[in-house]
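1. 3D model of this:
(one chain, ligands or ions: 2)
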Amino acid sequence: MSKVSEYWHGIPRKDIPWYPTVDKNKCIGCGLCFVTCGRNVYEIKNGKADVVNPYNCLVGCTTCETVCPVGAISFPDKELIHKIEKEYAILRVVQEERKKKGTKLELSKARSEAEKIVSQSPHRAEFVIAGHILEKDIPKKLLDLVSQCSCDIVNFKLETPSLKVCFDEKAPSSATFTLVSQKFEDVTECVEKIDKLLEQNNVVVVEHKKIS
Ligand code: SF4
Ligand code: SF4
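-> Ligands and ions are numbered 1, 2, ... in the order given. Purely as a prediction, here's the structure:
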């Protein structure tokens, strides 16, 4: 079943009377609405469709009405939704949701791009490092370094015991990352430069694996 929320863009779902009504005189009990709906709105009882979870219905959806072969399902007029949208001024909430969704989408695209680069790259090196990674601004320093080598660092994952502990008590953190060549060339030279940079910043290379 798809995820059912108690809210619709910040409005309690139960404040929105959007759900199907079945005309039992027309219903032939074919079950198409029951099997089509992914939100458990229907059950078939005594050979007829019964709306058992009306507020599970997705606001604005009319799929079951469309597929019902005998026109037994009806919905309120869509003006009802427009009225509620205005009444609750939902556009500000929607804008925030849009931003979040956009960011998640960009993250997921960037992740699959990184995975593609790793899978296509014959030469790469994997690092596990530990030290004062944030305090020493290591991510930025690494970025500056690899930009000069036509390389990139993908899947950079930072793990800290806690941000406060890292900044206030100067506890070490750890990170893993993969170095890849954007030109699919050998990465040995860049690996050596990274090792030197880490050493200069007292960051320890816990594990080092070169794949070529
Ligand atoms: S699709 Fe229509 S006819 Fe078939 S069970 Fe549902 S309401 Fe009844
Ligand atoms: S309109 Fe969509 S969500 Fe609502 S009951 Fe019908 S199929 Fe399910």
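
2. just want the most central residue of this structure.
-> Residue closest to the mean C-alpha point of the chain, counted by CA atoms, centre = their mean, is Lys104 at 4.6 Å.

3. so how far is the helix or strand hosting that one off the chain centroid?
-> Lys104 is part of helix 91-120 when elements are defined by DSSP states H and E. Distance of helix 91-120 from the chain centroid (CA atoms, centre = their mean, to the nearest Å) equals 7 Å.

4. pull out the buried positions in it.
-> Neighbour-count burial for helix 91-120 flags Ala114, Ile117 (criterion: 16 or more other CB atoms under 10 Å). Where C-beta positions appear, they are placed from N, C-alpha and C, glycine not excepted.

5. next SSE after it?
-> As assigned by DSSP H and E, the chain's next helix or strand after helix 91-120 is strand 124-131.

6. what's the angle between the following helix or strand past that next one and strand 124-131?
-> Downstream of strand 124-131, the next assigned helix or strand under DSSP H and E is helix 138-148. Between helix 138-148 and strand 124-131, the angle formed by their directions is 150 degrees, by axes from the mean of the first three to the mean of the last three CA atoms, to 10 degrees.

7. next structured bit after helix 138-148?
-> Downstream of helix 138-148, the first helix or strand assigned by DSSP H and E is strand 151-159.

8. picking up where we left off before, would you enumerate the residues in contact with the residue nearest to the centre of the chain?
-> If a contact means CB atoms under 8 Å, 6 or more residues apart in numbering, then Lys104 has no contacts.

9. gap between it and ligand 1?
-> Going from Lys104 to ligand 1 by CB to the nearest ligand atom, to the nearest Å gives 35 Å.
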